[in-house]
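S.K.: Predicted model follows, preceded by the sequence.
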Amino acid sequence: MTSLPLLPNLEPRLIGIARLASEGESIREGHNVEYFTLPVRSLLNRCATKGRMPFSWTINPYRGCEFGCKYCYARYTHEFMEMRDGIAFEQQIYVKQHAADLLRQELRQVKLEESIVIGSATDPYQPAERRYEITRGILEVFAKRQNFSLGIISKSNLILRDLDLLKAVAEHNRFRVTLTITTMNIDLARILEPRAPRPDLRLDAVRQLHNAGIRVSVNCAPVLPGITDNPRDLEALVRAVAEIGPIHINANPLYLKPCSAAVFMPFLEKEFPHLAANYRERYGQTAFLPKTYGKRISELMEKLRKKYGLEGTRRGRDIRIPVTSETQLTLF
């Protein structure tokens with residue numbers, strides 16, 4: 001194992017997380033993805049907009065995500081390491097070292113009324129987790145604690161590997177798992193989320209978590225205008241969730257930062273050229289869709305939840321993790 005030279009687009013004198021990233025050692029290379037160690041000094045990140053978020057702290061076991069979702073809002077987090085190419089986010093993955101040890105030391109900062117979410121910017125169960133088990137180590141810490149308000153968000157059925165730990169965490173803590181399912185259309189999902197598990201596998205994970213007694217919800221995010229927002233398609237997802245049990249499901253429109261648009265728009269030109277002009281107009285000056293669009297989607301989802309008997313399923317003291325256009329601003 002040898003140290004890598006500085007990447008070409010890094011400045012010669014780096015500080016903070018950028019310097020730490022540049023000093024990371026290459027762990028594995030293959031499939032156009034390379035993993036690096038990241039010797040971080042802290043694992044817990046306090047939310048920048050205290051009081052406006054449904055959680056107070058975030059934990060991201062990795063920097064970058066191999067799933068390669070074309071719409072991913074978190075690509076900008078690599079910019080903190082002076083990496084400006086949006087593709088680098090899915091090709092250069094940083095594995096946080098000594099995460100469990102850091103967490104044990106830092107949990108004393110968390111107050112009883114504060115909540116923590118794992119996987120707010122990068123998926124804690126992306127392919128790297130199969131080998132490095134950083135997320136599993138974090139769950140092992142929480143399995144020995146109690147009275148924390150904790151949530152985890154993923155779009156991977158790999159989470160089932162840790163079902164034993166999830167049960168242990170849930171036994172003495174307020175705990176919820178949120179699985180993201182963007183569409184039930186497998187072919188469409190493969191285009192939008194090329195290396196993420198198929199939606200039917202994620203739905204099966206929801207079923208197994210629910211049957212195991214884990215509080216679980218489904219996030220339909222992002223809703224892509226003209227691509228995944230057809231009422232019939234959204235209803236298919238709500239119906240599939242309702243067949244499992246009383247599980248809350250919500251939906252949030254696409255949030256498109258410039259760094260994400262740099263990847264998403266060329267993809268759109270290739271796969272959905274008839275929508276490209278409309279997207280350029282909608283997102284030309286803002287990362288957000290009009291509030292009227294969000295209201296329409298919210299009203300439709302509320303109608304569908306009522307139709308399938310899922311209204312009121314989000315009640316309770318445990319943390320729920322919506323990924324909205326507002327929360328996406330702080331999930332790093």
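M.R.: Cool, the structure landed.

S.K.: How about residue 169, nearest residue that isn't a chain neighbour?
M.R.: Excluding the flanking residues, the one nearest residue 169 by C-beta to C-beta, 6 or more residues apart in numbering is residue 142, at 4.7 Å. Glycine gets a C-beta too; all of them are placed from N, C-alpha and C.

S.K.: Could I get the pLDDT score of that neighbour?
M.R.: Listed pLDDT for residue 142 reads 98.

S.K.: could you measure it against residue 97, distance?
M.R.: The gap separating residue 142 from residue 97 is 19 Å, by C-beta to C-beta, to the nearest Å.

S.K.: So between those two, which is more surrounded?
M.R.: residue 142 (25 against 16; other C-beta atoms under 10 Å).

S.K.: State the helix or strand in which that one lies.
M.R.: helix 134-143 (DSSP states H and E).

S.K.: mind checking the end-to-end distance for stretch 56-69?
M.R.: Using C-alpha to C-alpha, to the nearest Å, the end-to-end distance of stretch 56-69 comes to 26 Å.

S.K.: tell me which residues in it are buried?
M.R.: By neighbour count on 16 or more other C-beta atoms under 10 Å, the buried set for stretch 56-69 is 56-69.

S.K.: from the residues you listed, which is closest to residue 156?
M.R.: Nearest to residue 156 among the buried residues of stretch 56-69, counting by C-beta to C-beta, is residue 67 at 7.9 Å.

S.K.: you'd agree that closest one is up against residue 93?
M.R.: No. Here residue 67 does not reach residue 93: they are 10.5 Å apart, not a contact under C-beta atoms under 8 Å.

S.K.: mind listing what residue 147 touches?
M.R.: Residues near residue 147 by C-beta atoms under 8 Å, 6 or more residues apart in numbering: 112, 172, 173, 174.

S.K.: for it, helix, strand, or coil?
M.R.: What DSSP: H, G, I helix; E, B strand; the rest coil gives for residue 147 is coil.

S.K.: ditto for residue 302
M.R.: Residue 302 - assigned by three-state DSSP - is helix.

S.K.: Leaving out chain neighbours, which residue sits closest to it?
M.R.: Leaving aside its chain neighbours, residue 302 sits nearest to residue 311 (7.3 Å; criterion: C-beta to C-beta, 6+ apart).

S.K.: And residue 110, by the same measure?
M.R.: That would be residue 57: by C-beta to C-beta, 6+ apart, it lies 6.2 Å from residue 110.

S.K.: What about residue 180, how many residues nearby?
M.R.: 22.

S.K.: hang on, it packs against residue 154?
M.R.: Yes. Between residue 180 and residue 154 a contact is recorded at 7.1 Å, counting by C-beta under 8 Å.

S.K.: where do the strands sit along the chain?
M.R.: 26-30, 33-38, 45-46, 57-59, 62-63, 92-96, 115-118, 149-154, 174-180, 216-223, 249-253 (DSSP state E).

S.K.: Distance to residue 233 added to the ones you listed, as JSON lines?
M.R.: Formatted as JSON lines, those follow (distance: least, C-beta to C-beta, whole Å):
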{"stretch": "strand 26-30", "distance to residue 233": "35"}
{"stretch": "strand 33-38", "distance to residue 233": "30"}
{"stretch": "strand 45-46", "distance to residue 233": "34"}
{"stretch": "strand 57-59", "distance to residue 233": "30"}
{"stretch": "strand 62-63", "distance to residue 233": "30"}
{"stretch": "strand 92-96", "distance to residue 233": "31"}
{"stretch": "strand 115-118", "distance to residue 233": "27"}
{"stretch": "strand 149-154", "distance to residue 233": "22"}
{"stretch": "strand 174-180", "distance to residue 233": "15"}
{"stretch": "strand 216-223", "distance to residue 233": "10"}
{"stretch": "strand 249-253", "distance to residue 233": "11"}
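
S.K.: okay, these in CSV with distance to residue 166 and mean pLDDT next?
M.R.: Output for those, formatted as CSV (distance: least, C-beta to C-beta, whole Å; pLDDT from 0 to 100):
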stretch, distance to residue 166, mean pLDDT
strand 26-30, 26, 45
strand 33-38, 25, 92
strand 45-46, 22, 92
strand 57-59, 15, 96
strand 62-63, 19, 92
strand 92-96, 20, 93
strand 115-118, 11, 96
strand 149-154, 8, 97
strand 174-180, 7, 97
strand 216-223, 10, 97
strand 249-253, 20, 96
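
S.K.: for the ones you listed, which one sits closest to residue 267?
M.R.: strand 216-223 (13.7 Å).

S.K.: quick one: low-confidence parts of the chain?
M.R.: Residues of the chain that meet the criterion pLDDT under 70 lie in 1-31, 48-53, 78-84, 86, 314-332.

S.K.: repeat that for 50
M.R.: 1-11, 15, 17-18, 21-30, 316-332 (pLDDT under 50).

S.K.: Tell me which stretches of it form helices.
M.R.: Per DSSP state H, the chain carries helices over the ranges 16-22, 88-91, 99-106, 128-132, 134-143, 163-172, 186-192, 199-211, 231-242, 258-271, 273-283, 291-307.

S.K.: want to try a markdown table for the ones you listed, with distance to residue 222 as columns?
M.R.: Below are these laid out as a markdown table (distance: least, C-beta to C-beta, whole Å):
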| stretch | distance to residue 222 |
| --- | --- |
| helix 16-22 | 26 |
| helix 88-91 | 16 |
| helix 99-106 | 28 |
| helix 128-132 | 23 |
| helix 134-143 | 23 |
| helix 163-172 | 26 |
| helix 186-192 | 9 |
| helix 199-211 | 14 |
| helix 231-242 | 12 |
| helix 258-271 | 10 |
| helix 273-283 | 12 |
| helix 291-307 | 10 |
